[in-house]
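Participant: What follows is a predicted structure for the sequence shown.
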Amino acid sequence: GRLRSTQETAIPSRAMRARRAGGWRCATWLPRGVPAFLQRLAIVPSSAPAAAAAVRIPAYDIIEHVQHAGPFALLRARRHSGERVLLKTPRSQYSARRDIAELRREFQILRTIDLPGVVHARSLVEWGSGNLAIEMDDVGISLAEQLAMAPGQPIPLGDFFNIAIQLARTLVELHERNIV
């Protein structure tokens with residue numbers, strides 16, 4: 001028979017399969033837990049804003065769908081008192097128990113963390129058929145939204161390093177507390 005090249009016989013890595021499938025995904029090269037952490041910081045933008053349209057949480061007016069990650073949506077909302085907040089909640093009206101348990105666990109962890117760069121969780125809000133939402137401080141504009149304002153323009157080097165240093169410091173603090 002004919003000799004095959006290593007490229008023909010090698011099993012492609014997860015990263016190679018992801019690249020061939022249409023691009024790199026951050027989950028293919030970041031350590032476990034970091035993509036979820038970055039999503040909590042609202043760095044990963046939403047690609048499905050219509051998913052939040054079905055979510056109606058009493059006592060809140062949904063302003064915008066900030067992002068989605070797996071079964072969860074991050075929503076910018078306004079309380080009936082007029083205060084702006086972020087809500088993390090399951091995207092579906094009837095959520096799986098494990099999703100609700102994950103939200104409870106995340107709320108407990110966020111309540112114990114008082115670090116710059118980590119959103120402060122205020123309360124757990126019950127809504128719908130046993131659903132929960134984590135109410136968090138609205139931190140303003142996300143990094144992804146800020147970058148979208150100037151598409152195609154590079155971040156000034158000084159700003160890039162400030163962001164990178166702040167993220168690294170936050171990750172170090174979380175790692176020292178055995179969270180990431």
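Facilitator: Happy to help now that I have it. Numbering: from 1, shown residues only.

Participant: can we go C-alpha only for contacts and neighbour counts from here?
Facilitator: OK.

Participant: mind listing the strands for this structure?
Facilitator: 60-69, 72-79, 84-90, 121-127, 131-137 (DSSP state E).

Participant: what about the protein, any weak spots by pLDDT?
Facilitator: Across the chain, the ranges flagged by pLDDT under 70 are 1-54.

Participant: So which of the strands of the chain is the most surrounded?
Facilitator: strand 84-90 (a mean of 25; mean count of other CA atoms under 10 Å).

Participant: chain center to that one: distance?
Facilitator: 12 Å (CA atoms, centre = their mean, to the nearest Å).

Participant: Which elements pack onto the lengthiest helix in the chain?
Facilitator: Ranked by residue count, the top helix of the chain under DSSP state H comes out as helix 157-176. Using 3 or more CA pairs under 8 Å, 6 or more residues apart in numbering; DSSP states H and E as the contact test, no helix or strand touches helix 157-176.

Participant: chain center to it: distance?
Facilitator: With CA atoms, centre = their mean as the basis, the mean position of helix 157-176 lies at 17 Å from the chain mean.

Participant: Between the strands of the chain, which one is closest to residue 108.
Facilitator: strand 121-127 (8.7 Å; CA to CA).

Participant: Show me the contact partners of the closest one.
Facilitator: 57-58, 104, 107, 110-111, 132-137 (CA atoms under 8 Å, 6 or more residues apart in numbering).

Participant: That one pairs with which strands, parallel or anti?
Facilitator: Within its sheet, strand 121-127 is paired with strand 131-137 (antiparallel), according to DSSP bridges.
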